[in-house]
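>>> With the sequence up front, the predicted model follows.
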Amino acid sequence: MDPNCHCFDPTTRLVLNPAAFTQVPQGQFSPGTPFYNDFRWQRQPIENVNLGRIFGFGQNERYKLEVRAEFTNILNRHYYAAPSATSLVTATTCTAGVPAASSATPCTAGAALTGGYGFVNTAAGLGAQPRAGQLVAGFSF
């Protein structure tokens, strides 16, 4: 599942397919590679904007008024937390309590995901805070 496709709903779909992975028995080495080059989380850019101006006035511009506006997450992007990959044996849980048989949409209709391998928590992303701004003024004499 590609979380950058704008078709991803973390409340109904898992990012990681649990059926694509197997749990290695204890005491044995995994036949897979230690690093998968095609396994990446979504790109999460953030835009911050700062605007400022210094106004000089008085004799020889002795007095200065500095005005600044600072904005964080100006495009109000939403960022998802990284998917849960703690344990492959963790069962998929839904609000209705009954997971469906399909791994693409693991919960029955009307139910939301609450945990499991590949679960994305929608409340703890990097940009969970909405855009913010502040106005700063300073006077020097």
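Sure thing, it's come through. Residues are numbered from 1 along each chain as shown.

>>> switch to C-alpha atoms for all contacts and neighbour counts from now on
OK.

>>> Endpoint to endpoint, stretch 107-120 covers what distance?
Stretch 107-120 has an end-to-end distance of 14 Å (Cα to Cα, to the nearest Å).

>>> That one - what's its average pLDDT?
Stretch 107-120 comes out with an average pLDDT of 74.

>>> Likewise for stretch 71-84?
In this model, stretch 71-84 has a mean pLDDT of 80.

>>> Checking the residue nearest to the spatial centre of the chain next. Helix, strand or coil?
Geometric centre of the chain, nearest residue: Tyr80, 2.4 Å, by Cα atoms, centre = their mean. Following DSSP: H, G, I helix; E, B strand; the rest coil, we place Tyr80 in the coil state.

>>> how far away is it from Phe71?
According to Cα to Cα, Tyr80 and Phe71 sit 21 Å apart.

>>> how about the residue lying closest to Pro83 once chain neighbours are set aside, secondary structure?
Using Cα to Cα, 6 or more residues apart in numbering and skipping the chain neighbours, the partner closest in space to Pro83 is Val120 (4.6 Å). When classified by three-state DSSP, Val120 comes out as coil.

>>> Right, I'll call it a day here.
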